[in-house]
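Novice: Would you be able to build a 3D model of this:
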Amino acid sequence: MSDLVLKPTPLQNSGHELVLASTSATRRIVLTNAGLTFSAVASMVDEDVLKTAGKKEGWSPSATALRLAEAKALSVEQPDAFVIGADQMLSCQGVLYDKPADMTAARHQLQTLRGQTHSLHTAVVVCRNGAVLWQHVSEPKLTMRRFSDAFLDAYLQEEGARCLASVGSYRVEGLGLHLFAAIEGDHTAILGLPLLPLLTSLREMGVLIS
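Specialist: Reported below is the predicted structural model:
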């Protein structure tokens, strides 16, 4: 499945096709807001298989995110295109968190993370013709406030199924911001795509005008 985002920009060199190996609405918005022309293609990667392998082999959260981002990018076969893959893991006190399976799991995640500082391990890679050209991991840190159970109930009721779309059961670009006392790090990395280092790499590759 491919969805072409048509937003021509003088900042991007013609003749260099850019592909996002994801149909994530948030990642698409991040790239679109940066004025990039790209196509979004769903990757054909079984994430659970890689995550299970990572647990067995003791991969760090950052290494797991990188492996997933790389696999997503390499799964998109478009000759000569620059393919962007990204993934994100959440760790807190040595425990890894994934997207919650249901609202009960979302509640449990937020109760566990309440009052704690956790890290997001957000990986991004650029591949071309089956080779990894560049990779990066950003690790913002977020501290949840000690919110009340009454707030948690209200938050979950208002957010509903949107809680299930991201690790940690929150969207900082929405009501999830109310969960936090402090946030350190790149905002776009929190959203799932570290934009500044990615733009730098695309300039160096000639995709963007330097």
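Novice: Residue most distant from the centroid, this structure?
Specialist: A150 (29.5 Å; Cα atoms, centre = their mean).
Novice: what kind of secondary structure is it in?
Specialist: helix (DSSP: H, G, I helix; E, B strand; the rest coil).
Novice: so how far is I190 from it?
Specialist: Separation of A150 from I190 (Cβ to Cβ, to the nearest Å): 26 Å. Glycine gets a C-beta too; all of them are placed from N, C-alpha and C.
Novice: that older thread, return the distance of the residue farthest from the centre of the chain relative to V95.
Specialist: Distance, A150 to V95, by Cβ to Cβ: 26 Å.
Novice: cool, E77 as well?
Specialist: 36 Å.
Novice: Spit out the contact partners of A181.
Specialist: With contacts defined as Cβ atoms under 8 Å, 6 or more residues apart in numbering, A181 is in contact with T143, M144, R145.
Novice: Format these as TSV; extra columns: secondary structure, neighbour count and pLDDT.
Specialist: What follows is the contacts of A181, written out as TSV (DSSP: H, G, I helix; E, B strand; the rest coil; neighbours: other Cβ atoms under 10 Å; pLDDT from 0 to 100):
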residue	secondary structure	neighbour count	pLDDT
T143	strand	15	98
M144	strand	21	98
R145	coil	13	98
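Novice: Between the residues you listed, which sits nearest S24?
Specialist: For the contacts of A181, the residue nearest S24 by Cβ to Cβ is M144; the value is 23.0 Å.
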